[in-house]
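In: I need the structure of the sequence given here:
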Amino acid sequence: MTGERVAVVTGAAQGIGRRVAEVLGAEGYALAVMDRQPVAADLAVLGDVSAEADVIAFAAAVDERFGRVDVVINNAGIAFITPLEETTLDDWRRVIDVNLTGPFLLCREFGRLMLAAGAGTIINIASVAGLRGVADRAAYNASKHGLLGLTRTLAAEWGGRGVRVNAICPGWVKTEMDEASQAEGAYGDTDITDHVPQGRFATPDDIAQAVAFLADPAKSGFVNGEALSVDGGWYADGSWQALRLSARARLVH
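Out: As a prediction, the model looks like this:
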């Protein structure tokens, strides 16, 4: 067994996952990553998080290489923006498979290793869409609501055995996923920035720093089962649009 801390990150080739890997690597973690694209890391495996055989093989490779796992970040996910009445069963299953079944498989396989060691932290990257309803995203929203349910259940089931399980709920983040959604005409920048009290998108680093906090037992050792919103106040703001924008525009004298 190595003495260095080991972090597993899925979807590390771009966006949030790439920045999470960079931040944890800078903090001294050895990185084991899984993606469908090549990624540079201490251990990099090409695979599909929704494929049981791929996840089982990945967990075995991490155990063989490092003999331990301290943190698992379930970040891999896909967006899907379509009215429910136009959503096919194949569309639904694809989103649920990647966004919910994938984390289930990672939690199961790496959870076994953590439970055997009596320590570990799992961080699921959910979404503000797991806390609210957002139109034209039934499959995506359902997957993220389900991920929060999985998070809370495992926190209750495993917390007494040394394994903490938490989720982060990002708001809209400037990543390749956002660029693709905007290219499809789903929304524009101001649709987001006008709604967020802080008046901007999140950056991948905003999310990565929250991950680093939840990963560190010295800083968050009694945080378990939490859905941490990192959304600039999106979830908290129940204002109507005119009130939201007028509150932002007021000057302090």
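In: can you pull out the helices in the stretch 51-200 of the chain?
Out: Per DSSP state H, counting those that start in this stretch, the stretch 51-200 of the chain carries helices over the ranges 52-66, 89-96, 102-117, 138-158, 176-183, 189-193.
In: which stretch in those helices has the least confidence?
Out: Mean pLDDT is lowest for helix 176-183 among the helices of the stretch 51-200 of the chain, at a mean of 78.
In: in it, which residues are buried?
Out: Residues 177-178, 181 are the ones in helix 176-183 that count as buried (16 or more other CB atoms under 10 Å). The way it works is simple: take the backbone N, C-alpha and C, and place the C-beta from them, glycine included.
In: now that helix - C-alpha only, CSV.
Out: Coordinates of the C-alpha atoms in helix 176-183 are reproduced here as CSV (Å, rounded to 0.1, in the frame of the first residue of the first chain):
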residue,chain,number,x,y,z
GLU,A,176,-17.5,22.7,-23.0
MET,A,177,-20.9,21.4,-22.0
ASP,A,178,-22.2,24.9,-21.6
GLU,A,179,-20.7,25.8,-25.0
ALA,A,180,-22.5,22.9,-26.6
SER,A,181,-25.8,23.7,-25.0
GLN,A,182,-25.6,27.4,-26.0
ALA,A,183,-24.7,26.4,-29.6
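In: so which elements touch it?
Out: If contacts are counted by 3 or more CB pairs under 8 Å, 6 or more residues apart in numbering; DSSP states H and E, helix 176-183 sits against no helix or strand.
In: what is the distance between that helix and the centre of its chain?
Out: 17 Å (CA atoms, centre = their mean, to the nearest Å).
In: list of residues touching it?
Out: With contact meaning CB atoms under 8 Å, 6 or more residues apart in numbering, helix 176-183 is reached by 14-15, 79, 81, 172, 187-189, 201.
In: are any of those residues buried, and if so which?
Out: Those of the contacts of helix 176-183 that meet the buried threshold are 15, 79, 81, 172, 201, by 16+ other CB under 10 Å.
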